[in-house]
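# how does the following fold in three dimensions:
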Amino acid sequence: MENTNFKMGERFIPSIKEWPEDSRKMFLANYVWASQFVEDKIILDCACGSGYGSDILSNRANQVIGADVDFGIINYAKKNYPKSNIQFHNFSSIAIPYPDNYFDVIVSFDTIEHVIDDDKMLLEFKRVTKPDGIIIISTPLRYYRIDQGDKELFDNTHIREYSAYEWCNLLTHFFQHGDFFSRDSDFNFHKINPENYSGSPFEVGHVILYNRFLNENTINQIKHKISVHLTIKIKDLEKELFFCQEELKKLNSFKNLLKLMIKKIQRKFFS
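Next up, the predicted model:
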């Protein structure tokens, strides 16, 4: 195996053969899906990691800027993906050294949960994206790993993990229109119709945000749907709580009756 001096984790490096096949497919599928939106465009791959995703995007894009805060991983990317239409640079997602309205598309997978100032990151993305540009972004929503069979409740490399409502609420601070996508077990992506949204947090982790103003506020529609589903869940939990309280009352009554019977037996046989 090539000695990269990088630990396995969220830094996917294709040359490391020990990567589980499902994880490998997942990382690659994200960029293959995103590549359909980058034809002949200027792209920022923010938090590009080892550069494999920038390489995939470059097959269709006019120019790709791959950026990461890790100097070591950027040097790896420069060495392993030398292409005339890719540049790799060190900079942060909250301080992008490019002018306003520069990029056609920003791609940033599973980055925002690592960033302290998530508001500033989204503001920077909005600033450097052209008025008719798009931002392709994702985050592993809360409990995602539990659903995938991971025993850990929280990834300690994450600053935060959003609930579905928190995620949509954050996005509505800066954007009005977004297309949400679910990713199935075969790593295919499916666009979510707000009218048919099931309320599942696993259907809104991937989103394409539109910088331009559109009449239809799809993010608010999804957020409203989530609110409705949360309200229903709360009511269901209230019913369960009431049932449990009633059962507890019965148990307490039985407990008191049992105590009374024990006292009677004690008086009868031991007094």
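
# strands of this structure, start to end?
42-46, 63-68, 86-90, 103-109, 129-138, 177-183, 189-191, 206-210 (DSSP state E).

# highest mean neighbour count out of those?
Among these, strand 42-46 has the highest mean neighbour count (mean count of other CB atoms under 10 Å), at a mean of 26. The way it works is simple: take the backbone N, C-alpha and C, and place the C-beta from them, glycine included.

# hmm, back to that, could you dump the strands of the chain into TSV and include distance to residue 29 and mean pLDDT?
Formatted as TSV, the strands of the chain follow (distance: least, CB to CB, whole Å; pLDDT from 0 to 100):
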stretch	distance to residue 29	mean pLDDT
strand 42-46	15	98
strand 63-68	18	98
strand 86-90	20	98
strand 103-109	10	97
strand 129-138	11	95
strand 177-183	7	86
strand 189-191	8	89
strand 206-210	11	91
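
# between those strands, which gets nearest to residue 166?
Proximity to residue 166 (CB to CB) singles out strand 206-210 among the strands of the chain, at 13.6 Å.

# and the closest one, which strands flank it?
If you go by DSSP bridges, strand 206-210 pairs up with strand 129-138 (antiparallel), strand 177-183 (antiparallel).

# quick one: contacts of it?
Here strand 206-210 makes contact (CB atoms under 8 Å, 6 or more residues apart in numbering) with 30, 37, 125, 134-138, 171, 175-183, 189.

# ok and that strand relative to strand 103-109, angle-wise?
Relative orientation of strand 206-210 versus strand 103-109 (axes from the mean of the first three to the mean of the last three CA atoms, to 10 degrees): 160 degrees.

# show me where this structure has its helices.
Remark: helices assigned in the chain by DSSP state H are 21-34, 52-58, 71-80, 118-128, 144-147, 164-172, 218-270.

# which of those sits most buried?
helix 52-58 (a mean of 24).

# give me the contacts around that helix.
Residues outside helix 52-58 that contact it (CB under 8 Å, 6+ apart): 12-14, 27-28, 30-32, 34-35, 38, 43, 45, 48, 64, 66, 77, 81, 83, 85-86, 88, 107, 109.

# give me that answer again for 6 Å
Defining contact as CB atoms under 6 Å, 6 or more residues apart in numbering, one finds that helix 52-58 is touched by 14, 31, 35, 38, 43, 45, 48, 64, 66, 81, 83, 85-86.

# looking at this protein, which helix or strand does the model trust least?
Lowest by mean pLDDT, DSSP states H and E among the helices and strands of the chain is helix 144-147, with a mean of 53.

# among the helices of the chain, which is nearest residue 100?
Nearest to residue 100, of those and by CB to CB, is helix 118-128 at 5.5 Å.

# so how far is the closest one from its chain's centroid?
Between the centre of helix 118-128 and the centre of its chain there are 17 Å (CA atoms, centre = their mean, to the nearest Å).

# residue numbering should commence at 11 henceforth.
I'll keep to 11 as the first residue from here, and by that count the last item is helix 128-138.

# report the inter-axis angle for that helix versus strand 113-119.
Using the same axes, to 10 degrees: helix 128-138 against strand 113-119 is 150 degrees.

# what pLDDT, on average, does helix 128-138 get?
Helix 128-138 carries an average pLDDT of 94.

# what is the orientation angle of it with helix 174-182?
For helix 128-138 against helix 174-182, the angle by the same axes, to 10 degrees is 40 degrees.

# tell me the angle of helix 128-138 relative to strand 52-56?
With the same axes, to 10 degrees defining the directions, helix 128-138 sits at 170 degrees from strand 52-56.

# which outside residues touch helix 128-138?
Helix 128-138 has contacts (CB under 6 Å, 6+ apart) with 103, 104, 106, 108, 110, 112, 113, 116, 122, 125, 145, 184.

# swap in stretch 31-46?
Counting by CB under 6 Å, 6+ apart, 22, 63, 66, 67, 70, 117, 119, 146, 197, 199 sit against stretch 31-46.
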